[in-house]
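> sequence plus the predicted model coming up.
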Amino acid sequence: MRKRAAVLCGAAVVVAGTFTAVPAEAGVERSPKLAWKSCGTTAHPTLQCASLKVPLDHANPHGEQITLALSRVPHTAKTYQGPLLVNPGGPGGSGLGLAGFVAKTLPKPVAAQYDVIGFDPRGVGKSKPALDCRPGHFDPVRPDSVPSTPALEKADRSRAQSFAKACGDKYAHLLPYIDTISAARDMDRIRHAVGAERINYFGYSYGTYLGAVYARLFPERVRRLVLDSVVDPTGVWYENNLTQDHAFNDRHLAFMAWVAKHHATYKLGTDPAKIEAKWYAMRAALAKKPAGGTVGPAELEETFLPGGYFNGYWPHLAEAFAAYVGDRNGDPLVEAYENFAAVDAAGDNSYSVYTSVQCRDATWPRHWEQWREDNWAVYAKAPFMTWSNAWYNAPCAFWPTGSPQPVNVANGQLPPVLLLQATGDAATPYQGAVMMHRMLHGSSLVVEEGGQNHGISLSGNACLDKHVAAYLTDGTVPRGDGEVDAVCDALPGPKPLSPTSAASSRGSTLHGLLGFRG
């Protein structure tokens, strides 16, 4: 997955179990009316765009200003339920494209009642300034992520340290304000600018934590809150990443079992354990000779990681796996890497914001010995992505700004909140949703039993979407007697590709917008 600060009206935020007074945002002036302009596309012809200036430091509202990029699909119904802000997670994900998708995918009578508003959070995408700490940080071929020798550990650690230093050198005055609380306060500026007393919010992944932090800061300004694939708010962020490692390893084993089930197609065998051994043998071979001079072991892990987010990618990954093992043909691996893992300028920007937010949001271990000990312990049980994930987050061990304790999002002041969670989600494991459910008093948890994906609503499951539509229509939530309020069956798993396979689906479209690591 991949916070702290000031609150309006002199309220207090619960931080790490204690009440910490935070400075009020004094002298807030009414935001100027947004100048929405058409920026429609073929898929979303009514899409509009605007920009909004917000303070870099919300405690100094008349100081330096930064610019947020916004998108909107305006309501068309006579009944208007206000703005519905949407966020795809990350941190570092661009929300501009998500507005059109949500407006198009919700039932038309429901979407028509809302202004669906996307935004690029501070530092992201078309918002200005946009961060890019170290262009080309992910250029292949990178050192093997598993630090099996002192030289490899030194190389990977040096990369992480260099990234943190580059961010500090380039953005020293920005980094103290690139965090979740600042982003939540930006959301309230958006609310202010559109003239709404309260907002509706729909967040995926990290966006669930952003929504919960907004609700903790501004409970009286929350009308409806949909949180899909829920972050554990008690593990922000170091512990959550270690928990992810076990869950992603489980998903990788599930992929091996799926390949075994389809031996007739992939010819890799019928024993998942033996297929897994072939995958790790492929990894070892790529360490000696990267496919196409591009895909070494680190790139291989990044290529297969998206399969842990969305099983719709499994057929593509299985074909590349089979081609390499069966024919030593690395071309499909290179193609899969380019489709699923190659990092472009937008990816550099996203990672720069990801690290900036995560490293600033919470306290991370500063002694490398703890990272080494913890990750080797997890690797012994969950080798698939443990060290890849560790290096992805390792800049936080060297981050140039201080980090407070995370926000305690416990909240008893909200209207009903709708939580959606798959039992087999790897990026935000199931127990995180249970924890959020307990902390948001009066919330309702809808579980996709047997679901394997991350980001599950508006992705083809009619049962889940029925609950979302009912909630956004009139606030209706299911109520159960136990830990879970409603259960939906998971969608069927994917099938191998065929000449008639659909080129895309709602699921693949959504996951293209959500991205990975968030």
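Received it, and whenever you're ready, just let me know what you need.
> low-confidence stretches in this protein?
The chain contains residues with pLDDT under 70 at 1-32, 500-504, 517-518.
> rerun that using 50 as the cut-off
Along the chain, segments meeting pLDDT under 50 span 1-29.
> all strands of it, in order?
Using DSSP state E, the strands of the chain run over 12-15, 18-21, 37-38, 48-55, 65-73, 83-87, 115-120, 199-204, 222-228, 418-422, 444-449, 486-489.
> could those be laid out in JSON lines, adding distance to Asn461 and mean neighbour count?
Every residue, glycine included, has its C-beta placed from N, CA and C. JSON lines is the format used below for the strands of the chain (distance: least, Cβ to Cβ, whole Å; neighbours: other Cβ atoms under 10 Å):
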{"stretch": "strand 12-15", "distance to Asn461": "35", "mean neighbour count": "16"}
{"stretch": "strand 18-21", "distance to Asn461": "40", "mean neighbour count": "12"}
{"stretch": "strand 37-38", "distance to Asn461": "33", "mean neighbour count": "9"}
{"stretch": "strand 48-55", "distance to Asn461": "30", "mean neighbour count": "19"}
{"stretch": "strand 65-73", "distance to Asn461": "23", "mean neighbour count": "22"}
{"stretch": "strand 83-87", "distance to Asn461": "18", "mean neighbour count": "27"}
{"stretch": "strand 115-120", "distance to Asn461": "20", "mean neighbour count": "26"}
{"stretch": "strand 199-204", "distance to Asn461": "14", "mean neighbour count": "27"}
{"stretch": "strand 222-228", "distance to Asn461": "11", "mean neighbour count": "25"}
{"stretch": "strand 418-422", "distance to Asn461": "9", "mean neighbour count": "27"}
{"stretch": "strand 444-449", "distance to Asn461": "6", "mean neighbour count": "23"}
{"stretch": "strand 486-489", "distance to Asn461": "6", "mean neighbour count": "17"}
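> now stretch 400-420: buried residues?
The neighbour-count criterion (16 or more other Cβ atoms under 10 Å) identifies 400-401, 403-411, 414, 416-420 as the buried residues of stretch 400-420.
> now the strands of the chain in JSON lines, with distance to Gly136?
Converted to JSON lines, those look like this (distance: least, Cβ to Cβ, whole Å):
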{"stretch": "strand 12-15", "distance to Gly136": "37"}
{"stretch": "strand 18-21", "distance to Gly136": "40"}
{"stretch": "strand 37-38", "distance to Gly136": "34"}
{"stretch": "strand 48-55", "distance to Gly136": "29"}
{"stretch": "strand 65-73", "distance to Gly136": "24"}
{"stretch": "strand 83-87", "distance to Gly136": "28"}
{"stretch": "strand 115-120", "distance to Gly136": "22"}
{"stretch": "strand 199-204", "distance to Gly136": "28"}
{"stretch": "strand 222-228", "distance to Gly136": "33"}
{"stretch": "strand 418-422", "distance to Gly136": "35"}
{"stretch": "strand 444-449", "distance to Gly136": "38"}
{"stretch": "strand 486-489", "distance to Gly136": "43"}
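> and those strands: which comes nearest Val343?
In terms of Cβ to Cβ, the element of these nearest to Val343 is strand 115-120, at 18.0 Å.
> that closest one packs against which elements?
Packing partners of strand 115-120 (3 or more Cβ pairs under 8 Å, 6 or more residues apart in numbering; DSSP states H and E): strand 65-73, strand 83-87, helix 96-105, helix 180-193.
> please identify the buried residues of the last one?
Neighbour-count burial for helix 180-193, with 16+ other Cβ under 10 Å as criterion, is recorded at 180-193.
> format those as CSV; extra columns: distance to Leu440.
Below are the buried residues of helix 180-193 laid out as CSV (distance: Cβ to Cβ, whole Å):
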residue, distance to Leu440
Thr180, 16
Ile181, 18
Ser182, 22
Ala183, 19
Ala184, 15
Arg185, 20
Asp186, 22
Met187, 17
Asp188, 19
Arg189, 24
Ile190, 22
Arg191, 20
His192, 24
Ala193, 27
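> from those, pick the one nearest Gly460.
Distance to Gly460, by Cβ to Cβ, is smallest for Met187 among the buried residues of helix 180-193, at 28.4 Å.
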